[in-house]
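Engineer: just to be clear, the model below is a prediction. Sequence and coordinates:
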Amino acid sequence: MNIYLTSGTPEFMNSLKEKHAGEKMVVLHGQGNAVLLHETSGKTVFQTPRKYEVIDSSGELSDQGYFVFNNIPVTEEGRPIFEHRFTNRPRAIENEPGFIAIRVLRPVGSDTYIILTEWTGAGSFEAWQNSQAYNKAHEKRGTDEGIDKRPNIFSSASYVTTYKTAKKTD
């Protein structure tokens, strides 16, 4: 399974989605931009997409959620360690209230992985960040055992981008 992303105006992203109504696509609205997400095992309809391979997933993406992209630049030599960490995660997030879906995305043609999560709203994501399950999932962060303390894994700092769907009201 692959996820393809393309950016543009909300109107153009909506028109692409409508033109390809048989495809699994979600229009995401961010700060001053829109992104069209295409999840498929086939080819994308986008002309110049950013391509990602789905290496782990749970839940079904919907067009009514709050999306969080944790963008994590990883070095070439850090990829196996990083992927092992996420494909062997404890899966506690799936039991959190408001959780809808997760995709761990390996970049094709870049170094930035995306940990994509979908929630019922911003409040459910914030509750996850303040939960015991979140603390447990990140308990090694900042310690000698944590992936963040290993040399040569990350090529630059990670960053978070958030999006809402048009149908999401909060």
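Structural biologist: All right, it came through fine. Computed from a predicted structure; not experimentally measured.
Engineer: any idea how far residue 99 is from residue 123?
Structural biologist: Per Cβ to Cβ, to the nearest Å, residue 123 is found 12 Å from residue 99. Backbone N, C-alpha and C define where each C-beta goes, glycine included.
Engineer: cool, residue 137 as well?
Structural biologist: 13 Å.
Engineer: which residues do the two both contact?
Structural biologist: Counting by Cβ atoms under 8 Å, 6 or more residues apart in numbering, the contacts common to residue 137 and residue 99 are residue 93.
Engineer: can you tell me the closest non-neighbouring residue to residue 68?
Structural biologist: Closest residue to residue 68 apart from its sequence neighbours, by Cβ to Cβ, 6 or more residues apart in numbering: residue 117 at 4.9 Å.
Engineer: before we move on, back to that, so which of residue 123 and residue 99 has more stuff around it?
Structural biologist: residue 99 (21 against 13; other Cβ atoms under 10 Å).
Engineer: so what sits opposite the closest residue in space to residue 66 that isn't next to it in sequence in the bridge?
Structural biologist: Using Cβ to Cβ, 6+ apart and skipping the chain neighbours, the partner closest in space to residue 66 is residue 119 (4.7 Å). Beta bridges link residue 119 to residue 66, residue 99 when assigned by DSSP bridges.
Engineer: I'd say residue 119 and residue 99 touch.
Structural biologist: Yes. Assessed by Cβ atoms under 8 Å, residue 119 is found in contact with residue 99 at 6.3 Å.
Engineer: for the closest residue to residue 136 other than its chain neighbours, phi and psi?
Structural biologist: Nearest residue to residue 136, sequence neighbours excluded (Cβ to Cβ, 6+ apart): residue 92, at 6.3 Å. Here is the backbone geometry of residue 92 (degrees, to the nearest 10): phi -70, psi -30.
Engineer: quick one on the thing from earlier: could I get the contacting residues of the residue nearest to residue 66?
Structural biologist: By Cβ under 8 Å, 6+ apart, the neighbours of residue 119 are 65-68, 98-100, 125, 128.
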